[in-house]
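Novice: Fold the following for me, if possible:
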Amino acid sequence: MATRGSRSEKVKRIFQQFDSNRDGGLNRDEMAALVVAVNPRVKFSDEQINAILDEVFRTYGEFIDGEKGLTYDGLLRTYDDGAGDVDRDFDALGLELNFDENKGLSIVSEASSSSIVDERVMESQKKQRTAAWAVSPHH
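Specialist: Now for the predicted structure:
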């Protein structure tokens, strides 16, 4: 049975979807993948992505965990501050929160949508593996 779930549960699921190395933070590559994936109709230039990431990492510096990047609490704060729409992003990514009466709330994604997102993530990560990370003051 699908449920709407709380805002924080949705942000947690989005965070988990993009923390590809499972280190508990969203680094610049992972954040870039998230930005691109939740805005599928926008064709960002590398400069635009870097400007967005610079702003996020500067504004939410207190939520940056060293090399790991933006923490879950930091992503939640970006949504709290209106940097995105949790429901829209959650739906755009094709994610679901399922409720199992025996196990409680469990978080899953739809396979078909997930493969599309994974493809976008990989494409975005390829583009972001430039010198942008090295020249960033926040890495």
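
Novice: Please count neighbours and contacts with C-alpha atoms only from this point.
Specialist: OK.

Novice: Sticking with F90, tell me its helix or strand.
Specialist: helix 86-92 (DSSP states H and E).

Novice: Now do the buried residues in that helix.
Specialist: For helix 86-92, the neighbour count (16 or more other C-alpha atoms under 10 Å) marks V86, D89, F90 as buried.

Novice: ok, now stretch 53-72?
Specialist: By neighbour count on 16+ other C-alpha under 10 Å, the buried set for stretch 53-72 is 53-54, 56-57, 60, 63-65, 68-72.

Novice: and that stretch, average pLDDT?
Specialist: If you average the pLDDT over stretch 53-72, you get 96.

Novice: And that stretch, end to end?
Specialist: With C-alpha to C-alpha, to the nearest Å as the measure, stretch 53-72 spans 16 Å from end to end.

Novice: Helix, strand, or coil at the residue nearest to Q16 when sequence neighbours are not counted?
Specialist: Spatially, and ignoring its direct neighbours in sequence, Q16 is nearest to R22 (7.6 Å; C-alpha to C-alpha, 6 or more residues apart in numbering). The three-state assignment at R22 reads coil, by DSSP: H, G, I helix; E, B strand; the rest coil.

Novice: Can you tell me the number of residues neighbouring R22?
Specialist: For R22, the neighbour count with other C-alpha atoms under 10 Å is 12.

Novice: how much space between it and A51?
Specialist: R22 is 25 Å from A51, where distance means C-alpha to C-alpha.

Novice: and V36, how far is that from D65?
Specialist: V36 is 22 Å from D65, where distance means C-alpha to C-alpha.

Novice: What residues does F63 make contact with?
Specialist: F63 makes contact with L70, T71, D73, G74, according to C-alpha atoms under 8 Å, 6 or more residues apart in numbering.

Novice: Throw the residues you listed into TSV and include secondary structure and distance to G94, thanks.
Specialist: Rendered in TSV, the data for these read as follows (DSSP: H, G, I helix; E, B strand; the rest coil; distance: C-alpha to C-alpha, whole Å):
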residue	secondary structure	distance to G94
L70	strand	22
T71	coil	22
D73	helix	22
G74	helix	22
